[in-house]
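Chemist: My questions concern the predicted model and sequence given below.
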Amino acid sequence: MTDELYSFVVVSNRLPVDRVIDESGTASWKQSPGGLVTALEPVMRAADGAWVGWAGQADLELEPFDEGGIRIVPVKLSESDLEMYYEGFSNDTLWPLYHDVIAQPSYHRIWWERYVQVNRRFAEATAASSAPGATVWVQDYQLQLVPAMLRELRPDLVIGFFNHIPFPAYGIFSQLPWRGQIIDGLLGADVVGFQRVADAGNFSRAVRRLRGYSTKTPYIDVPGTDDQPARRVIARAFPISIDVTGFQELAARPEVQERAAQIRADLGNPKTIMLGVDRLDYTKGIGHRLKAFGELLAEGRLSVEDITLVQVATPSRERVESYRQLRDEIELTVGRINGDYGTISHQAVSYLHHGFPREEMAAFYLAADVMLVTALRDGMNLVAKEYVAARGDEDGVLILSEFAGASDELRAALLVNPHDIDGLKDTILRAIAMPRVERRKRMRMLRRRVSENDVTHWSNSFLSTLREVKGSASWGGSDLAPETEWTIEKPSP
Ligand code: ADP
Ligand code: G6P
């Protein structure tokens, strides 16, 4: 591990960069997928801290290094850790359970045991990188036991936890055979943050039901034990966001604007471009959106001459069976729609199954007249916020699922229930036909909301809450004060 100690440490399963090896055997780094990295990367670039996590490949033994101005402290995961802790317990037990059992969660004791072991390894690596009294910020469902493990190892630390995905209602959470241990793990933190008010409420309810601790929003009183003093934990919502200014500036660049025009031309200059951008995940409702679009074409309410749906479907968790099945289903459906309705000059769906640079993503957003976010359940959905941030021209229509956390803030979008295919079809037609005046009015409101809460606001409000807890009499750690007050500066674009 490392001898260097940091007074601010972020720990997540995935690091901001993945190690990739090309066909010639040359290793390089590329940005990791997903909203967690999108949000935290600008926060960490602006802070002088360390990021502890896994580098995206099995059995990699790497020394700490700097990448893009961030100190990276890699944690090694073996092939069997990946099978049992990452693909198994994290992504085949917790992920479907926390997303309202859209897919059936699998419960295996051997996966749970490995989850405990790997969480301990992350806790140990974090403890070894943390200066006395450091602030440690643990991220997401893969590491829910780390807060309590870390507190045991290092009672001097100030510990925050943020859950990027939903926290389910008790009726669902209670299925988990290890539900009590998860609650104890999370309560090791001083502040437990969630995306939505409803998620924080679900967590507090689970604490009352499973542990009987008294809760008074946003506080949870954890009684003392022989080894640990009584503590007061804060559990509340901190809706995550993006680097709004950075994204706006990226989208305003002339070369990005030119690229957007080029994308439109390459698609045959259709009247309307609709866009979906998602990891290829069953929570995203990609199948529902394709069904609605296919039916509109079949009924002649839309014509392939006039409209193209661009679907960016980022490869994700490809060794997990439910993700394999999803890929087959989606690709079959895209093939059918294109076969049935495409012409030599016009494709109905332009399907792209790979990652793109951020500039290209911004160009897609600028080219899209209608953005489709039809998640069946989503912690936040940063794609919706990126679309809004990109639209400096105050144009474009956002169709947004009411089951995405972003719908709490982005009320001026066209909100949909993606399960209601007829409703979704009508909303798509409404978006396409929306007059410029209404588009501008809605987009202005959306842009105001997104600008009010950017990622710097998110991290500062979480970290200042953490400071408050630490400063209060109820804080039960050692009397070592943190050396640094953590206020993150806005990242330079
Ligand atoms: P999730 O965290 O579930 O993946 P979000 O919508 O919150 O969903 O975040 C997805 C992030 O990944 C966004 O920042 C988006 O721009 C990025 N992204 C998605 N697909 C791609 C892709 N193909 N290439 C590059 N970035 C992508
Ligand atoms: C979501 C999760 C993140 C995860 C990301 C990508 O955003 O909340 O924790 O890192 O998806 O998924 P992956 O399994 O590839 O890390």
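Modeler: Thanks, I have it. Ligands and ions are numbered 1, 2, ... in the order given.
Chemist: Roughly how far does the residue of the chain found nearest ligand 2 sit from A47?
Modeler: Nearest residue of the chain to ligand 2, counting by C-beta to the nearest ligand atom: G34, 2.6 Å away. For the C-beta atoms, the positions are set from N, CA and C on the backbone; glycine is no exception. For G34, the distance to A47 equals 20 Å [C-beta to C-beta, to the nearest Å].
Chemist: Tell me which of these two has more neighbours.
Modeler: A count of neighbours by other C-beta atoms under 10 Å puts A47 above the other of G34 and A47, at 27 against 17.
Chemist: Please look at that one and F8 and confirm they touch.
Modeler: Yes. The pair A47 / F8 is scored as a contact, 5.6 Å apart, by C-beta atoms under 8 Å.
Chemist: Phi and psi next, for the residue lying closest to P223 once chain neighbours are set aside.
Modeler: Counting by C-beta to C-beta, 6 or more residues apart in numbering, P223 lies nearest to A230, which is 5.4 Å off, once chain neighbours are set aside. When read as degrees, to the nearest 10, the backbone of A230 gives phi -60, psi 150.
Chemist: how about the residues of the stretch 1-150 of the chain that lie near ligand 1?
Modeler: 33-35, 38 (C-beta under 6 Å from any ligand atom).
Chemist: pretty sure M371 is in a helix, no?
Modeler: No. Counting by DSSP: H, G, I helix; E, B strand; the rest coil, M371 falls outside a helix, being strand.
Chemist: Just to check, it is in contact with K385?
Modeler: No. Counting by C-beta under 8 Å, M371 sits too far from K385 to count as a contact (10.8 Å).
Chemist: Please identify which of the two sits among more neighbours.
Modeler: Each of M371 and K385 has its neighbours counted (other C-beta under 10 Å); K385 has more, 30 against 26.
Chemist: domain parsing for the chain?
Modeler: In terms of domains, the chain is parsed into 6-240+456-480, 244-452 (source: automatic domain parsing).
Chemist: want to throw the ones you listed into TSV with mean pLDDT?
Modeler: Shown next, in TSV, are the domains of the chain (pLDDT from 0 to 100):
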stretch	mean pLDDT
domain 6-240+456-480	94
domain 244-452	98
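Chemist: For V310, which three-state class applies?
Modeler: strand.
Chemist: so how many other residues sit close to it?
Modeler: 20.
Chemist: residues contacting it?
Modeler: By C-beta atoms under 8 Å, 6 or more residues apart in numbering, V310 lies in contact with 263, 267, 273-276, 349-350, 352, 364, 367-368.
Chemist: Can you tell me the closest non-neighbouring residue to the residue of the chain closest to ligand 2?
Modeler: R279 (6.5 Å).
Chemist: Bridge partners for that neighbour, pull those for me.
Modeler: Going by DSSP bridges, R279 is paired in beta bridges with T314.
Chemist: got a list of what it touches?
Modeler: By C-beta under 8 Å, 6+ apart, R279 lies in contact with 33-34, 313-316.
Chemist: ok, of the residues you listed, which come out buried?
Modeler: 33-34, 313-314, 316 (16 or more other C-beta atoms under 10 Å).
Chemist: hang on, isn't G185 packed against Y141?
Modeler: No. With contact defined as C-beta under 8 Å, G185 does not reach Y141; the gap is 10.9 Å.
Chemist: Name the residues of the stretch 201-350 of the chain found near ligand 1, please.
Modeler: 277, 279, 312, 314.
Chemist: among those residues, which are within reach of ligand 2?
Modeler: Answer for those near ligand 2: none qualify (C-beta under 6 Å from any ligand atom).
Chemist: closest to E83 among those residues?
Modeler: R279 (20.0 Å; C-beta to C-beta).
Chemist: any idea how far G69 is from that closest one?
Modeler: Counting by C-beta to C-beta - R279 and G69 are separated by 26 Å.
Chemist: Contact partners for A206?
Modeler: A206 touches 167, 170, 173-174, 179, 183, counting by C-beta under 8 Å, 6+ apart.
Chemist: try 7 Å this time
Modeler: Residues counted as contacts of A206 (C-beta atoms under 7 Å, 6 or more residues apart in numbering) are 170, 173, 183.
Chemist: Also D92?
Modeler: So D92 contacts 105-106, 320 (C-beta under 7 Å, 6+ apart).
Chemist: With A389 instead?
Modeler: Listed by C-beta under 7 Å, 6+ apart, the contact partners of A389 are 242, 244, 247-248, 450.
Chemist: at 6 Å instead, please
Modeler: Applying C-beta atoms under 6 Å, 6 or more residues apart in numbering, we find A389 in contact with 244, 247-248, 450.
Chemist: TSV for the residues you listed, including neighbour count?
Modeler: Shown next, in TSV, are these (neighbours: other C-beta atoms under 10 Å):
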residue	neighbour count
V244	23
F247	28
Q248	20
V450	24
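Chemist: So which of those residues are in helices?
Modeler: Counting by DSSP state H, the part of the contacts of A389 found in helices is 244, 247-248, 450.
Chemist: just curious, which of the residues you listed is nearest to ligand 1?
Modeler: Of the ones in helices among the contacts of A389, the one sitting nearest to ligand 1 (C-beta to the nearest ligand atom) turns out to be F247, at 9.1 Å.
Chemist: Apart from its neighbours in sequence, what residue is nearest the closest one?
Modeler: That would be A389: by C-beta to C-beta, 6+ apart, it lies 4.1 Å from F247.
Chemist: Thank you, goodbye.
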